[in-house]
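In: Okay, here's the prediction I keep looking at, along with the sequence it came from:
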Amino acid sequence: MLVFVSCSKNRFKIDTANVNVNIKIERFDRDLMSLDTANLDKGISVLKKKYGDFFPQFAINVITLGSPDSTKFVPKLKAFMQDSMVREVYKETQSVFADVSDIQKETNDAFKYIKYYFPEKKIPRIAMHISGFNQSIVATKEVESISIDNYLGADYAPYKQIAYNYQLQNMTRSKVAPDIVLGYLMTEFPFQSNGQLLASILSRGKTLYLQSICMPQRSEADLMGYTQKQEDWCVKNEKQMWTYIVENKHLYSTSQLITAKYVNPAPFTTYFSEDSPGQAAIWLGLQIVKSYMKSNTNVTLPQLMKENDYQKMLEDSNYKP
């Protein structure tokens with residue numbers, strides 16, 4: 001039994017030394033904010049050439065200034081760059097993220113796993129940007145970039161005005177590498193759901209399971225964005241949570257309202273105790289996927305990610321909390 005558990009737990013552990021991935025985090029934040037505001041046309045041309053499809057995506061959908069090709073874009077960008085709040089936030093990011101070699105290494109190591117197990121997948125360029133506290137991850141065909149002004153620390157004063165208390169614990173530097181990897185996996189392996197709660201939690205559970213393989217040094221609590229206390233609550237109440245879902249016939253419910261209360265970010269999971277963390281049903285989905293992979297040692301990671309028969313997965317998992 002000890003040998004079986006050990007092998008099932010570590011069967012995806014690999015030596016990544018010879019996997020050819022060499023990510024260099026690109027500092028779009030610095031490239032943008034260091035432009036000469038007296039000659040922005042030239043600077044914009046440089047950014048277009050260097051960052052390809054990412055730059056218009058950033059301009060239109062992140063800082064919402066419109067197309068870089070618009071005649072109105074230059075004065076709008078200049079106003080953005082000279083805005084006092086933007087300048088202050090940028091200054092703080094340059095302090096917190098002065099050296100990102102640790103983030104780069106952890107990200108690179110994770111993508112080596114992805115390249116090894118999914119050699120057909122294209123490894124994106126990784127960049128950092130500031131967004132004025134806008135969306136954290138921006139992914140295009142060529143570039144994936146993370147908004148580092150969303151990771152300045154739980155005690156960063158401006159966050160009190162824009163974020164709920166339960167969100168603050170994940171607005172820290174240590175979450176950058178996991179969020180880069182998760183953002184990529186969610187893009188490459190989008191959630192497949194038939195509308196049922198079961199499909200929602202197992203689809204998300206598959207992604208988290210793959211992330212845990214790619215980042216073996218990270219705990220489940222890290223990957224879920226939980227404190228250790230929140231993780232401990234889930235472990236202690238795993239059986240009760242599962243029993244509640246099954247007995248209330250929620251597992252196969254297609255109600256978006258019911259599913260949202262189980263899986264959407266929140267201070268706690270509505271159907272469970274107020275001591276529970278948010279998205280606790282996704283944590284259950286991860287446990288079911290782990291049980292499935294332990295019970296089916298012939299299943300490869302590519303096969304897992306392609307498996308969308310969630311009822312079969314549940315039955316084959318031998319899940320018994």
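Out: Arrived safely.
In: for the stretch 101-250 of the chain, what spans make up the helices?
Out: 101-117, 159-162, 165-168, 176-188, 197-214, 220-224, 228-236, 238-247 (DSSP state H, counting those that start in this stretch).
In: Just the C-alpha atoms of the following helix or strand past the last one, please, in PDB.
Out: Moving toward the C-terminus from helix 238-247, the next helix or strand (DSSP states H and E) is helix 256-263. Backbone C-alpha positions of helix 256-263 (Å, rounded to 0.1, in the frame of the first residue of the first chain) are rendered in PDB as follows:
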ATOM      1  CA  GLN A 256     -26.700  28.700 -12.800                       C
ATOM      2  CA  LEU A 257     -27.700  30.300  -9.400                       C
ATOM      3  CA  ILE A 258     -26.900  27.100  -7.500                       C
ATOM      4  CA  THR A 259     -23.600  26.500  -9.300                       C
ATOM      5  CA  ALA A 260     -22.600  30.100  -8.700                       C
ATOM      6  CA  LYS A 261     -23.000  29.800  -5.000                       C
ATOM      7  CA  TYR A 262     -20.700  26.800  -5.000                       C
ATOM      8  CA  VAL A 263     -18.000  27.900  -7.300                       C
END
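In: so how far is Arg30 from the residue of the chain positioned farthest from its centre?
Out: Distance from the C-alpha centroid of the chain, by C-alpha atoms, centre = their mean, peaks at Ala38 (37.4 Å). Between Ala38 and Arg30 the computed distance is 18 Å (C-beta to C-beta, to the nearest Å). Placement of C-beta: from N, CA and C, glycine included.
In: Also Asp309?
Out: Taken as C-beta to C-beta, the span from Asp309 to Arg30 is 47 Å.
In: Ok, Phe133 next?
Out: Separation of Phe133 from Arg30 (C-beta to C-beta) stands at 19 Å.
In: Equivalent analysis for Arg11, please.
Out: Counting by C-beta to C-beta - Arg11 and Arg30 are separated by 42 Å.
In: Show me which of those two is the more surrounded one.
Out: Neighbours were counted for Arg11 and for Arg30 using other C-beta atoms under 10 Å; Arg30 has more, 16 against 13.
In: dump the residue contacts of that one.
Out: Counting by C-beta atoms under 8 Å, 6 or more residues apart in numbering, Arg30 touches Gln94.
In: can you give me the mean pLDDT across whatever helix or strand it lives in?
Out: Here Arg30 sits within helix 28-33, counting by DSSP H and E. Helix 28-33 carries an average pLDDT of 98.
In: what does the helix or strand just after it contact?
Out: The helix or strand immediately downstream of helix 28-33 is helix 40-51, counting by DSSP H and E. Helix 40-51 has contacts (C-beta under 8 Å, 6+ apart) with 26, 28, 31-32, 35-36, 55-56, 58, 68, 73-74, 77-78, 127, 143.
In: switch to 10 Å and redo it
Out: 26, 28, 31-32, 34-37, 54-59, 68-69, 73-75, 77-78, 81, 125, 127, 129, 140, 142-143, 145 (C-beta atoms under 10 Å, 6 or more residues apart in numbering).
In: just checking, which of the residues you listed belong to strands?
Out: 26, 125, 127, 129, 143, 145 (DSSP state E).
In: By neighbours, which of the residues you listed wins?
Out: Per-residue neighbour counts (other C-beta under 10 Å) across these peak at Ser145, which has 28 neighbours.
In: burial count for the residue lying closest to Asn165 once chain neighbours are set aside?
Out: Distance criterion C-beta to C-beta, 6 or more residues apart in numbering; nearest residue to Asn165, sequence neighbours excluded, is Pro267 at 7.3 Å. If you count neighbours by other C-beta under 10 Å, Pro267 ends up with 13.
In: list the contacts for Pro267?
Out: With C-beta under 10 Å, 6+ apart, Pro267 has these contacts: 164-167, 274, 276-278.
In: okay but the residue farthest from the centre of the chain is in contact with Met81, surely?
Out: No: in this structure, Ala38 is not within contact of Met81 by C-beta atoms under 10 Å, at 11.6 Å.
In: Tyr113: what's its closest spatial neighbour, skipping adjacent residues?
Out: Using C-beta to C-beta, 6+ apart and skipping the chain neighbours, the partner closest in space to Tyr113 is Cys214 (4.0 Å).
In: Can you give the domain ranges for the chain?
Out: 26-188, 197-317 (automatic domain parsing).
In: Would you mind measuring the gap between the ends of the last one?
Out: Looking back up the chat, that one is domain 197-317. Across domain 197-317, the terminal residues are separated by 17 Å (C-alpha to C-alpha, to the nearest Å).
In: got any ranges where this protein has weak pLDDT?
Out: With pLDDT under 70 as the threshold, the chain has low-confidence stretches at 1-9.
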